[in-house]
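*Asks:* heads up, no residue letters with this:
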């Protein structure tokens, strides 16, 4: 399995390129869009199309000069540094009338870097959703390739889960569930609402960015691909992604489907529950989080052992089994047995609405959902596939009913008793 980190790095001085204006960029984006295998496509000829301007949901991106972005970032000084990864560096900048932005300077030394730039511009020009990061513009001047995004003040989910010092408060349970639900909504949009559909291919904690209110947005679409069309059930592609997150069937065969993203989402859910990294060499033979967790996912008696010890029991005990069952379903080895993104959203809307309250004692937090406010059989979830499906189906049905009642003005609907 090849591993990549879609973040950011400095480009070495190479052969000078000519400026890429909007027309040339759109021509290259057109060829990328038409090949479907976007990460392996190459620029070609064909009718020009402006994906930045055309289409119902498309976005007219601003073209920046390199000088403008150098000025915005104080010539890319260390004081504006935000983060770094395999594809370059991200800087904090200020444009216009004190608009704070994030400037991603791509490493285009290799062919993949140039193609990633084209894919990212194409995807973020066509896609608009509250749970996707907003691209403001780009620069394709000479050998420079830069992307400008809205600034996400709280950084990545990864930093809030895994880069917390012992004297800092960890993310609380309620915030974790809200982040999970928002991220699922972004994925649902990509899979089921975007036209054409999009397979994210690099869903991971470092690509989930948070604004000042912990509102999550998916970012980094350089590895994204348009979904299969016609009679095709999958997209055949070179294996790319990040170790610990790749679905097993994709890693072994290169067959990419929407359910590959669902597996990656299950890994993120597992990170939210456990506080552990998806891949960590420090854990020796159990360096893969899924390998460590799988025996406990199959045994209800071990569920509490999965929970991040830094939470110190501050979570609604009655919700925990359903969150873990949902996670286990996402991580099923058989792709067809994984839930779709819409079902995950419905379940997580329900689960995120049932928040832990520090004002309640442990017994009340555990029994809150057992008093008729939860789907039937919540407290008797067993690690059997049929019961697992029933548990998530109940959460989905409750979530849909709860959402409908809330939309009709009933702020505190009493949950229905659901018989399946």
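*Replies:* Right, received. Where do you want to start? Computed from a predicted structure; not experimentally measured. Numbering: from 1, shown residues only.
*Asks:* next up, the contacts around the nearest residue to residue 271 once chain neighbours are set aside.
*Replies:* Excluding the flanking residues, the one nearest residue 271 by Cβ to Cβ, 6 or more residues apart in numbering is residue 205, at 5.5 Å. (C-beta placed from N, C-alpha, C; glycine too.) Listed by Cβ atoms under 8 Å, 6 or more residues apart in numbering, the contact set of residue 205 reads 156, 157, 158, 161, 162, 268, 271, 278.
*Asks:* how about low-confidence regions in the stretch 101-250 of the chain?
*Replies:* For the stretch 101-250 of the chain, applying pLDDT under 70 flags the ranges 108-112, 230-231.
*Asks:* quick one, helices of the stretch 101-250 of the chain?
*Replies:* Secondary structure of the stretch 101-250 of the chain, counting by DSSP state H, counting those that start in this stretch: helices at 111-126, 157-162, 173-188, 248-253.
*Asks:* can I get those helices in JSON lines with mean neighbour count and distance to residue 69?
*Replies:* Listed next are those as JSON lines, based on neighbours: other Cβ atoms under 10 Å; distance: least, Cβ to Cβ, whole Å:
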{"stretch": "helix 111-126", "mean neighbour count": "22", "distance to residue 69": "14"}
{"stretch": "helix 157-162", "mean neighbour count": "20", "distance to residue 69": "24"}
{"stretch": "helix 173-188", "mean neighbour count": "23", "distance to residue 69": "27"}
{"stretch": "helix 248-253", "mean neighbour count": "16", "distance to residue 69": "35"}
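*Asks:* output the ones you listed as TSV; include the columns distance to residue 64.
*Replies:* What follows is these, written out as TSV (distance: least, Cβ to Cβ, whole Å):
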stretch	distance to residue 64
helix 111-126	12
helix 157-162	27
helix 173-188	26
helix 248-253	36
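*Asks:* neighbours of residue 213, just the number please.
*Replies:* Look at residue 213: counted by other Cβ atoms under 10 Å, it has 9 neighbours.
*Asks:* how far away is it from residue 141?
*Replies:* Noted for residue 213: a distance of 35 Å to residue 141, by Cβ to Cβ, to the nearest Å.
*Asks:* and residue 292, backbone torsions?
*Replies:* phi -70, psi -40 (degrees, to the nearest 10).
*Asks:* just to revisit the earlier point, out of the helices of the stretch 101-250 of the chain, nearest to residue 330?
*Replies:* For these, proximity to residue 330 was assessed by Cβ to Cβ; helix 173-188 is nearest, at 9.9 Å.
*Asks:* by contact count, what packs against the closest one?
*Replies:* strand 208-210, strand 216-218, helix 258-274, helix 341-353 (3 or more Cβ pairs under 8 Å, 6 or more residues apart in numbering; DSSP states H and E).
*Asks:* mean neighbour count and distance to residue 234 added to these, as a markdown table?
*Replies:* As requested, the helices and strands packed on helix 173-188 are exported to a markdown table (neighbours: other Cβ under 10 Å; distance: least, Cβ to Cβ, whole Å):
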| stretch | mean neighbour count | distance to residue 234 |
| --- | --- | --- |
| strand 208-210 | 24 | 25 |
| strand 216-218 | 24 | 21 |
| helix 258-274 | 24 | 9 |
| helix 341-353 | 23 | 16 |
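*Asks:* adding distance to residue 72, write those out as a markdown table.
*Replies:* Formatted as a markdown table, the helices and strands packed on helix 173-188 follow (distance: least, Cβ to Cβ, whole Å):
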| stretch | distance to residue 72 |
| --- | --- |
| strand 208-210 | 19 |
| strand 216-218 | 21 |
| helix 258-274 | 32 |
| helix 341-353 | 36 |
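*Asks:* and of those, who's closest to residue 285?
*Replies:* Closest among the helices and strands packed on helix 173-188, using Cβ to Cβ: helix 258-274, at 17.1 Å.
*Asks:* quick check: mean pLDDT across the closest one?
*Replies:* Averaging pLDDT along helix 258-274 yields 98.
*Asks:* same question for stretch 323-337.
*Replies:* Per-residue scores along stretch 323-337 average to 97.
*Asks:* number of residues surrounding residue 89?
*Replies:* 22.
*Asks:* SS state for it?
*Replies:* Classification of residue 89 by DSSP: H, G, I helix; E, B strand; the rest coil places it in strand.
*Asks:* isn't it right up against residue 105?
*Replies:* Yes - between residue 89 and residue 105 a contact is recorded at 5.4 Å, counting by Cβ atoms under 8 Å.
*Asks:* the helices and strands packed on helix 173-188: which one's closest to residue 226?
*Replies:* Between residue 226 and the helices and strands packed on helix 173-188, the shortest separation by Cβ to Cβ is 11.5 Å, and it involves helix 258-274.
*Asks:* quick one: list the elements packing against that closest one.
*Replies:* On a contact count with 3+ Cβ pairs under 8 Å, 6+ apart, helix 258-274 meets helix 157-162, helix 173-188, strand 198-199, helix 248-253, helix 289-297, helix 303-306, helix 320-330, helix 341-353.
*Asks:* ok, the closest residue to residue 144 other than its chain neighbours - contacts?
*Replies:* The shortest distance from residue 144 to any non-neighbouring residue, by Cβ to Cβ, 6+ apart, is to residue 66 (4.9 Å). Applying Cβ under 8 Å, 6+ apart, we find residue 66 in contact with 139, 141, 142, 144, 146.
*Asks:* could you pull up phi and psi at residue 66?
*Replies:* phi -60, psi -40.
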